[in-house]
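Student: Predicted model and sequence follow; I will ask about them next.
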There are 2 protein chains.
Amino acid sequence: MTKKIVECVPNFSEGRDKDVMEAIADAIRQVDGVKLLDYSGDPDHNRSVYTFIGQPESVVNAAFNACRVAAQRIDMSQHRGEHPRMGAADVVPLIPISGVSIEECIELAKKLGNLIGQELSIPVYLYGYAATKPNRVELSDIRKGQYEGFFSKIKKPEWIPDYGPYEVNVKSGVTAVGVRKPLIAFNVNLNTNNIKIAQEIAKSVRYISGGLRYVKALGIRLNRDGIVQVSMNLVDYEKTPIYRVLELIKVEAKRYGVSVIGTEIIGLVPIKAILDSLKYYMQLEDLDVDKILETRLYE
Amino acid sequence: MTKKIVECVPNFSEGRDKDVMEAIADAIRQVDGVKLLDYSGDPDHNRSVYTFIGQPESVVNAAFNACRVAAQRIDMSQHRGEHPRMGAADVVPLIPISGVSIEECIELAKKLGNLIGQELSIPVYLYGYAATKPNRVELSDIRKGQYEGFFSKIKKPEWIPDYGPYEVNVKSGVTAVGVRKPLIAFNVNLNTNNIKIAQEIAKSVRYISGGLRYVKALGIRLNRDGIVQVSMNLVDYEKTPIYRVLELIKVEAKRYGVSVIGTEIIGLVPIKAILDSLKYYMQLEDLDVDKILETRLYE
């Protein structure tokens, strides 16, 4: 019933030349059935990020089109920038939004990886849920050594690419194509200026220090208001829903006599993440995405 | 930014003849830019309800098309049914969903009323927010006397139609065209089988007995579970949001030592109603409709 929607958030190694960035944007826009929601370049990182959504097959086509333009217009042998990078099309994550399983996205990632490997002669590594080996799950592991290091790294048996040639494409480098879940940037503001409290609460809710499995968290100072914030990435809102994170933060804040004075969700959020939390707070027995009037427009 | 969406939920005086009901459905489906979400007929009431959404002008066209087919296929002089009725196209409400003001919908209602009056020679009364006189705000006031009574009612100065001829169309009767806000059917289940408690709580939250302005409520028994329910219609979720109704019910339930064991929203709900309540519970400083990923698909 629900329309199949996949999101793609590719990163390209160009954050300065507006013509090149716009050419990549056009390559995405040209494909029917996808919608480019946003893109932006960072000159220091010399890197740009694009966000688009659409029907599964169209998203693969648009991603491939964008990678082709990147391969034509970006020369990695000349690339300098602060952000670690390994290819002109550096990383291409596919993200299931609605009506699509992780498994379907893995199939799409393989199709896209094969296209990039075959048509553009660029080595491709599958990562995230699409990874074919445990050491390829984390993007940071793949990217270690960056473009320059890959000329020797690619020779190692454990770094044979999943698709494409077994040697680095000098102009385009190598590309990671993968599948991840939607990421929600969720911040909680506290009525204190004591950064220690935000840091302690961040520690108590985040995965690496014993907290909730799919939460990354930092305590930071908000200069604008003289308050502190627990700044988070929720990397699997289905398994660690937003409300649970917020309520746990409230529980921890109590011990410091501190309370939550506001929260924010940064960027776009899938409607299901919203409904999951509302269902908790309102004890709703059921509230499917297709009960939301507006979603019926794009069935 | 947000796309303009209007909903239309017309009622026609045919709930038995499937061919006629399907012909009306087709008249709606034929119009580009609208989506027929649902329709159903009730044989006892001899009446059918259609729900469709779309761009403002397209919704007017689809509503007019449906009224034309109803005028051709339904003969009110032969109509019998339990539900009060006055026309083949009995009532045609336009409902602002997103990016559209009440005022814009009033203009659309006038346009539609004029079309029905001119092209189909059917007397039209504007009602709800579109009413031109105080006694035409409530649909029940307009419908009093029904089809049969209108032959004399229409002669009274205070019942001169807003559009169309000043006498009843014998075959098609008269039609009410109006503007109302989205209606949310919201039910709250209590962990008791004492119907009195549900009735007392309903009384305390509903408008007519001193409660919240835009709440209609009844206490009813749910046979399935041996529990009781406060069954409500929220007629203006922007001014009386869902969370406020729920929290007030919890406050009242306390005096009986009773608690809420579940809630439900029946039918379709505009995304804004959902976000308003989530913002309350999560103390979200901001969460606009266009932050919801899926809504970006139909911009």
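Tutor: Sure thing, it's come through. Numbers count the residues shown, from 1 in each chain, chains lettered A, B, ... in the order given.
Student: relative to its centroid, which residue of chain A is most remote?
Tutor: A:Gly257 (35.3 Å; CA atoms, centre = their mean).
Student: Three-state assignment for that residue, please.
Tutor: Classification of A:Gly257 using DSSP: H, G, I helix; E, B strand; the rest coil returns coil.
Student: That one and B:Val137, how far apart?
Tutor: In this view, A:Gly257 and B:Val137 are 52 Å apart by CB to CB, to the nearest Å. C-beta coordinates here come from the backbone N, C-alpha and C atoms, glycine included.
Student: And for A:Val9?
Tutor: From A:Val9 across to B:Val137, the span is 50 Å (CB to CB).
Student: Compare those two (neighbour count), which wins?
Tutor: The residue with more neighbours, out of A:Val9 and B:Val137, is A:Val9; 21 against 16, by other CB atoms under 10 Å in any protein chain shown.
Student: how about that one, what does it touch?
Tutor: Residues near A:Val9 by CB atoms under 8 Å, 6 or more residues apart in numbering or on different chains: A:49-51, A:93, A:95.
Student: Could you confirm A:Ala131 falls within a strand?
Tutor: No. Looking at A:Ala131 with three-state DSSP, it is coil, so not inside a strand.
Student: how much space between the closest residue to it other than its chain neighbours and chain B?
Tutor: Leaving aside its chain neighbours, A:Ala131 sits nearest to A:Val137 (4.5 Å; criterion: CB to CB, 6 or more residues apart in numbering or on different chains). Look at A:Val137 and chain B: by CB to the nearest CB, to the nearest Å, they are 25 Å apart.
Student: Sheet partners, orientation included, of the one helix or strand A:Ile220 maps to?
Tutor: Assigned by DSSP states H and E, A:Ile220 falls within strand A:215-222. According to DSSP bridges, strand A:215-222 forms sheet pairs with strand A:227-234 (antiparallel).
Student: what sits against the residue nearest to A:Ala131?
Tutor: If you count contacts by CB under 8 Å, 6+ apart, A:Val137 has them with A:127-128, A:131.
Student: what residues are up against whichever residue of chain A sits closest to chain B?
Tutor: Residue of chain A nearest chain B, by CB to the nearest CB: A:Tyr281 (3.9 Å). Residues near A:Tyr281 by CB under 8 Å, 6+ apart: A:243, B:243, B:277-278, B:281-282.
Student: Would you list the phi and psi of it?
Tutor: Geometry field for A:Tyr281 lists phi and psi as phi -70, psi -30, criterion degrees, to the nearest 10.
Student: Test for you: state the pLDDT assigned to it.
Tutor: Residue-level confidence at A:Tyr281 comes out at 98, pLDDT.
Student: next one: A:Val31
Tutor: Looking at A:Val31, its pLDDT reads 97.
Student: count of neighbours near it?
Tutor: Neighbours around A:Val31, by other CB under 10 Å: 22.
Student: quick one: secondary structure of the residue lying closest to it once chain neighbours are set aside?
Tutor: Using CB to CB, 6+ apart and skipping the chain neighbours, the partner closest in space to A:Val31 is A:Ala62 (4.0 Å). At A:Ala62 the chain is in helix, as set by three-state DSSP.
Student: what do you get for A:Pro93?
Tutor: Using three-state DSSP, the structure places A:Pro93 in strand.
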